[in-house]
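Novice: any chance you can model this:
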Amino acid sequence: MDSLSLILDDMHFDGVVFAATHNTAPWAWQLATPGLACFHMVTLGQAWLVREGEDPVLLQTGDLIVLPAGSLHRVQDKPQTMAVADDLLPHMIQSDTHARTHGGGGTPSHVISGHARFDVDMAAPLIAALPPLMHVRGLGEAPPPWLAVGLQFLALEVSAQRPAQQAIINRMGDILFMQCIRDHVETVPEGSGNWLAALKDRALSAALSHMHREPHHNWTVPELAQKACLSRSAFADRFTQTLGEPPLTYLTRHRMRLAARQLGGSTLQVSKVANLVGYASEAAFSQAFKREYGMTPSAWRDQRRLVPVPPNKEATLRLGLMKRDTLEPAGVAAAALSSQTGSAEGSGS
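Specialist: Numbering: from 1, shown residues only. Here you go, the predicted structure:
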């Protein structure tokens, strides 16, 4: 399996939460899904994306936009609409798949909106490396074939109640988001300073694949260099320059994210979790975990248990419990927009 597939697998995608809206001007929706990628697909008419401090972005029929970090934004009928934005998130959380009608009765615009559900901590490095907005245009000289097919399929699926509808939409939403990521990775130039460039580097990608496939292994820099078919020094230099940190630092941080997932989602003893992520010494594991998260594994687990939530619902319910900032009325906001060696630390010891 290639390195991007392994990274996406580590994120534990769990489908999408979505809402179809049939809007008529003037209209406006507000959405924020902190840490979770959200998207909008225009199936009829057009819409405008409005973000504080950024120029408005026109969305036309067939367009898909993804905000990887789920930052606060609006979609509305025009940049300076007089409509007061409603919160879209509560409509997404509801299980009803019927389209919501919204607006003042003018020009129509149909939009399918949603957000992905995945492990926020495991996804953090990838989300941070993506641009704040990914805009895939359905019109123009060469729109990607997958977008037209995906848009048509998704629009058809939400048009009427059918058996297994939510399961199908979940998988389709995951696929569309992954496809956007793949398309973006393919455009990242070498030497850009973005660690996603490592996924296109055959040598670094090979090393990353081994680290993600076997994070518990007692990897050393010479061993990883051998997997990358590079000398030890050349591998360490290239890895650090491209990913912004030495190989074993990257590995340790990845192990700590895996450990955090185990601590939050299981009742395994700390020593067992340490062993699963490559640490024979519980003390060494605890020290590494505290450096990454600012507290011991046991304290972190206790903190997570203060608000017990079923794992498969955690991300969505967390959003519902968050206190989200609010923007000014849509018209006002729119007007204002003008070299490391040896083995990984503590492992196997």
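Novice: quick one: mean pLDDT over the longest helix anywhere in the chain.
Specialist: Longest helix of the chain, by residue count under DSSP state H: helix 165-187. Averaging pLDDT along helix 165-187 gives 87.
Novice: quick one: the helices in the chain?
Specialist: 3-10, 89-93, 120-129, 145-158, 165-187, 202-213, 221-227, 232-243, 247-265, 270-276, 282-293, 297-304, 314-321, 330-335.
Novice: tell me the most buried of the ones you listed?
Specialist: Most buried of these, by mean neighbour count (mean count of other CB atoms under 10 Å): helix 247-265, with a mean of 21. C-betas here are computed from N, CA, C, even on glycine.
Novice: now stretch 253-271 - C-alpha only, PDB.
Specialist: C-alpha atoms of stretch 253-271 as PDB (Å, rounded to 0.1, in the frame of the first residue of the first chain):
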ATOM      1  CA  ARG A 253       5.200  12.000  16.900                       C
ATOM      2  CA  HIS A 254       3.300   9.500  14.800                       C
ATOM      3  CA  ARG A 255       3.600   6.900  17.600                       C
ATOM      4  CA  MET A 256       2.200   9.400  20.100                       C
ATOM      5  CA  ARG A 257      -0.800  10.100  18.000                       C
ATOM      6  CA  LEU A 258      -1.400   6.300  17.700                       C
ATOM      7  CA  ALA A 259      -1.000   6.000  21.500                       C
ATOM      8  CA  ALA A 260      -3.500   8.800  22.100                       C
ATOM      9  CA  ARG A 261      -6.000   7.000  20.000                       C
ATOM     10  CA  GLN A 262      -5.600   3.800  22.000                       C
ATOM     11  CA  LEU A 263      -5.700   5.600  25.300                       C
ATOM     12  CA  GLY A 264      -8.900   7.400  24.400                       C
ATOM     13  CA  GLY A 265     -10.700   4.500  22.700                       C
ATOM     14  CA  SER A 266      -9.700   1.500  24.800                       C
ATOM     15  CA  THR A 267      -9.200   0.200  28.300                       C
ATOM     16  CA  LEU A 268      -5.700  -1.200  27.600                       C
ATOM     17  CA  GLN A 269      -3.100  -0.600  30.300                       C
ATOM     18  CA  VAL A 270      -0.600   2.100  29.600                       C
ATOM     19  CA  SER A 271       2.200  -0.500  29.400                       C
END
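Novice: hang on, the earlier thing: check the helices of the chain for me: which has the lowest mean pLDDT.
Specialist: helix 330-335 (a mean of 34).
Novice: quick one: Leu248 from Ala20, how far?
Specialist: 47 Å (CB to CB, to the nearest Å).
Novice: again, but for Asn170
Specialist: 15 Å.
Novice: swap in Ala274?
Specialist: Applying CB to CB to Ala274 and Ala20 gives a distance of 46 Å.
Novice: and Leu59, by the same measure?
Specialist: 15 Å.
Novice: Gly278 too?
Specialist: 45 Å.
Novice: do the same with Thr101
Specialist: 10 Å.
Novice: the two: which has the busier surroundings?
Specialist: Ala20 (22 against 12; other CB atoms under 10 Å).
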